[in-house]
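Novice: the following block contains a protein sequence and its predicted model.
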Amino acid sequence: MNFIPAQRSENSPYLQLLMLVCYAIVGIVIGSLLSFAVIFCFYGTAAFSELSSIEGENDKYITVLKISQILTTGFMFILPPVLLARTERMKLKDFYGFKKPQFLLVLIVILIMVCAMPFMEWVQLANQKMVLPAFLKPVEDWMRLKEEQMMKMTILLLRNDHSWDFFINLFMIALLPAFAEEFIFRGAIQRSFIRLFKNPHVAIWTTAIIFSAIHIQFFGFFPRMLIGAGLGYIYWWTGSLWYTMLAHFINNGYAVCLAWYMQEHQIPLDNLDNASNFTWYQYLISLFLSLFLFKFLQYRTLQRDGKQLD
C-alpha cells in the first residue's frame with residue numbers, strides 16, 4: 001500500500017486568472033483605505049476636498065500623491081501573486097521562479113536594456129505622433145486629454161524639490177514598480193497564460209499588451225508593450241524574476257535619472273517624452289545590438305539547461 005500522498009495539482013489557469021483579478025480588487029481597496037487613512041492623519045479632511053485641484057506648488061500635495069502611489073502599487077500588484085501562491089500552497093520561490101542570478105546573464109540583461117534605449121526612444125517618438133482617422137477624432141481628443149493628465153501627474157511625482165526626493169522617486173518609480181509589476185505580470189499573469197494558451201509567444205505578447213494597457217497612456221502604448229514583451233522573453237528563457245526585475249528597474253531608473261538631470265539643468269520636464277537624443281543610424285545600431293543580445297541571452301540559457309537552439 002502506498003502511503004505517500006499524491007502531489008496536489010494546480011488550479012486551472014482560468015481560475016488562477018480570476019483569483020488574481022479578485023485579489024487585485026482587494027488590494028486596491030486596502031491600498032486606497034490606507035492612503036485615505038494616512039492622508040487624513042497628516043492633513044485632515046481638508047486634503048480630500050483639495051486633491052482634485054492639485055497645482056503642484058505645495059509640497060504637501062506631492063507627498064499625498066507619493067504616499068498614495070506607493071501604497072496602491074504595493075497592495076494592487078504585490079498582494080495578488082502572494083495570495084495566489086498561498087492559495088496553491090506553494091512557496092513563492094518555487095511557484096514563480098527566483099533562481100539565483102548568474103553574473104553573465106545579469107551582464108547580458110544590463111547590456112540589453114542600455115543598448116535598447118535609443119531604439120525605444122524612436123518607438124516612443126513615433127507613438128507620440130500617432131494620428132487616428134478623422135471619424136475617430138473625438139476618441140483621439142479624449143486620448144490626448146488623458147495623456148496630458150497622466151503627464152501632469154508624472155511631472156508632479158518626478159519633481160526634486162529636496163535632496164532626498166531623488167532617492168524617494170528612485171524607490172517609488174523605479175524599484176517598487178520593478179518588483180511589484182514583474183511579480184504580477186511576468187510572474188503570475190504570464191505564467192497562467194502559458195498554461196492557458198500552451199504557447200509561450202502568445203502568452204508573452206498577451207501579457208505585454210495587458211501590461212501596457214493598464215498604464216492608460218495611449219501615446220506610450222507601443223514602447224511599453226515592446227518592453228513588456230522583452231521582459232516576458234527574459235523571464236521565459238531564464239526562469240527567474242530577478243532578471244526581469246533588474247531590467248525593469250534599469251528602464252524606470254533611467255527615466256528618474258533623466259528627470260533629475262533635466263531639473264538640475266533647468267530643462268522643463270514637459271520635454272521628457274518628446275526629446276530626440278539620437279540620430280537615425282544610432283536607432284538602427286540600437287535595434288541590431290538589442291536583437292543580437294536577446295539571441296545571445298537565449299543561447300546562453302539554453303546552453304545552461306543543456307538544450308538546443310532552434
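Specialist: Perfect, thanks for sending it.
Novice: I'd say residue 10 and residue 85 touch.
Specialist: No: look at residue 10 against residue 85 with CB atoms under 8 Å: they stay out of range, at 10.4 Å. Every residue, glycine included, has its C-beta placed from N, CA and C.
Novice: just checking, residue 180 touches residue 72?
Specialist: No: using CB under 8 Å, residue 180 is not in contact with residue 72; the gap is 10.0 Å.
Novice: the two - which one has more neighbours?
Specialist: The residue with more neighbours, out of residue 180 and residue 72, is residue 180; 23 against 18, by other CB atoms under 10 Å.
Novice: quick check: pLDDT value at the more buried one.
Specialist: Confidence at residue 180, expressed as pLDDT, is 96.
Novice: how about it, nearest residue that isn't a chain neighbour?
Specialist: Counting by CB to CB, 6 or more residues apart in numbering, residue 180 lies nearest to residue 77, which is 3.7 Å off, once chain neighbours are set aside.
Novice: again, but for residue 209
Specialist: Leaving out its chain neighbours, the residue that sits closest to residue 209 by CB to CB, 6+ apart is residue 225, at 5.9 Å.
Novice: low-confidence regions, the stretch 101-250 of the chain specifically.
Specialist: Scanning the stretch 101-250 of the chain with the threshold set as pLDDT under 70 gives no residue ranges.
Novice: show me the helices in the stretch 101-250 of the chain, by range?
Specialist: Assigned by DSSP state H, counting those that start in this stretch, the stretch 101-250 of the chain shows helices spanning 103-128, 137-158, 165-169, 176-181, 191-197, 200-213, 221-238, 241-264.
Novice: redo these as JSON lines? Include distance to residue 303.
Specialist: JSON lines is the format used below for those (distance: least, CB to CB, whole Å):
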{"stretch": "helix 103-128", "distance to residue 303": "11"}
{"stretch": "helix 137-158", "distance to residue 303": "41"}
{"stretch": "helix 165-169", "distance to residue 303": "39"}
{"stretch": "helix 176-181", "distance to residue 303": "27"}
{"stretch": "helix 191-197", "distance to residue 303": "22"}
{"stretch": "helix 200-213", "distance to residue 303": "19"}
{"stretch": "helix 221-238", "distance to residue 303": "11"}
{"stretch": "helix 241-264", "distance to residue 303": "16"}
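Novice: nearest to residue 63, out of the ones you listed?
Specialist: Nearest to residue 63, of all these, is helix 165-169, at 9.5 Å by CB to CB.
Novice: how about the CA coordinates for the closest one, as CSV?
Specialist: Extracted C-alpha coordinates of helix 165-169, given in CSV (Å, rounded to 0.1, in the frame of the first residue of the first chain):
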residue,chain,number,x,y,z
ASP,A,165,13.4,63.5,-3.4
PHE,A,166,15.7,61.8,-6.0
PHE,A,167,16.0,58.7,-3.8
ILE,A,168,12.3,58.6,-2.9
ASN,A,169,11.5,58.8,-6.6
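Novice: other residues contacting that helix?
Specialist: Contacts with helix 165-169, where a contact means CB atoms under 8 Å, 6 or more residues apart in numbering, come from 66, 157, 158, 159, 160, 256, 259, 260.
Novice: for it, buried residues please.
Specialist: Of all the residues in helix 165-169, those buried under the rule 16 or more other CB atoms under 10 Å are 165, 166, 168, 169.
Novice: so which of the helices of the stretch 101-250 of the chain is nearest residue 287?
Specialist: Residue 287 lies closest, by CB to CB, to one member of those: helix 103-128, at 4.6 Å.
Novice: now stretch 99-116, how far from the chain's geometric center?
Specialist: 17 Å (CA atoms, centre = their mean, to the nearest Å).
Novice: and it, what's buried?
Specialist: 102, 105, 108, 109, 111, 112, 113, 115, 116.
Novice: let me have the residues you listed in JSON lines, extended by distance to residue 244.
Specialist: Formatted as JSON lines, the buried residues of stretch 99-116 follow (distance: CB to CB, whole Å):
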{"residue": "102", "distance to residue 244": "14"}
{"residue": "105", "distance to residue 244": "11"}
{"residue": "108", "distance to residue 244": "13"}
{"residue": "109", "distance to residue 244": "8"}
{"residue": "111", "distance to residue 244": "15"}
{"residue": "112", "distance to residue 244": "11"}
{"residue": "113", "distance to residue 244": "11"}
{"residue": "115", "distance to residue 244": "17"}
{"residue": "116", "distance to residue 244": "14"}
